[in-house]
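[1] coords below, sequence missing:
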């Protein structure tokens, strides 16, 4: 594929499917403790074998119920967490996830004062070290850490470009380069988080790939 074709495909993908999962969940991303914690909660929910729309809905319900910080999550009862997850349709994993959310919130509150920027600083901005640190939080495995890092690069640009295996799988399906630096060069720096989310959608949904190809070929 030519460089111009690559840019056209990337532009159409970004325009049609470039909404971050954080934005879908109503999180206004900033480099401040509350939205960063909310993104980690969303990453935990998205990493389960469940539809992304259900994970997003469950995150919205948790936040609407007031569980927006490690402190408020830890202070909520287990049943309150289960109920909020259920309202979002997150029923298959609700009991285990409610326990993980409570344990993780307590850990974050006690270890870094609920401020994930301290975890980032302790990792000295290294994505690998930060991924390892994130995985010490109950419920966050490699997939959850990757989701967090993909989305947070919009407010932590030192991590960019962070395009993990799932994003690169989407690039492959669209015929785009699978080298992260070449891929990232196709869009403005400020759009990288949205572009990464769009690439993940292409990896997960063949209709996204077809939509982009039809638009480029039409």
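    Happy to help now that I have it. Here the structure is a predicted model, which is why all the values come from computation and not from measurement. Numbering: from 1, shown residues only.
[2] hey, let's count contacts and neighbours off CA atoms from now on
    Noted.
[3] give me the element the spatially most central residue of the chain is part of.
    Residue closest to the mean C-alpha point of the chain, counted by CA atoms, centre = their mean, is residue 147 at 3.7 Å. Taking DSSP states H and E as the definition, one finds residue 147 inside helix 142-152.
[4] and the nearest residue to the residue nearest to the centre of the chain once chain neighbours are set aside, what does it touch?
    Distance criterion CA to CA, 6 or more residues apart in numbering; nearest residue to residue 147, sequence neighbours excluded, is residue 43 at 5.5 Å. Going by CA atoms under 8 Å, 6 or more residues apart in numbering, residue 43 touches 140, 144-145, 147-148.
[5] For residue 187, see how far away residue 3 is.
    12 Å (CA to CA, to the nearest Å).
[6] same check, this time on residue 203
    Taking CA to CA, one finds residue 203 at 18 Å from residue 187.
[7] okay, residue 3 and residue 187: which has more neighbours?
    Set residue 3 next to residue 187 and count neighbours by other CA atoms under 10 Å: residue 187 wins out with 16 against 12.
[8] is it true that that one touches residue 9?
    No - when contacts are counted by CA atoms under 8 Å, residue 187 is not listed as touching residue 9 (10.5 Å).
[9] so what's in contact with those two at the same time?
    Counting by CA under 8 Å, 6+ apart, nothing touches both residue 187 and residue 9.
[10] How far off centre is the lengthiest helix in the chain?
    Ranked by number of residues, the top helix in the chain under DSSP state H is helix 94-112. On the basis of CA atoms, centre = their mean, to the nearest Å, helix 94-112 sits 18 Å off its chain's mean C-alpha point.
[11] For the helix or strand just after that helix, buried residues please.
    As assigned by DSSP H and E, the chain's next helix or strand after helix 94-112 is helix 116-122. Using 16 or more other CA atoms under 10 Å as the test for burial, helix 116-122 gives 116-117, 119-120.
[12] which strands and helices sit next to helix 116-122?
    Under the contact criterion of 3 or more CA pairs under 8 Å, 6 or more residues apart in numbering; DSSP states H and E, the helices and strands touching helix 116-122 comprise helix 33-46, helix 94-112, helix 127-134.
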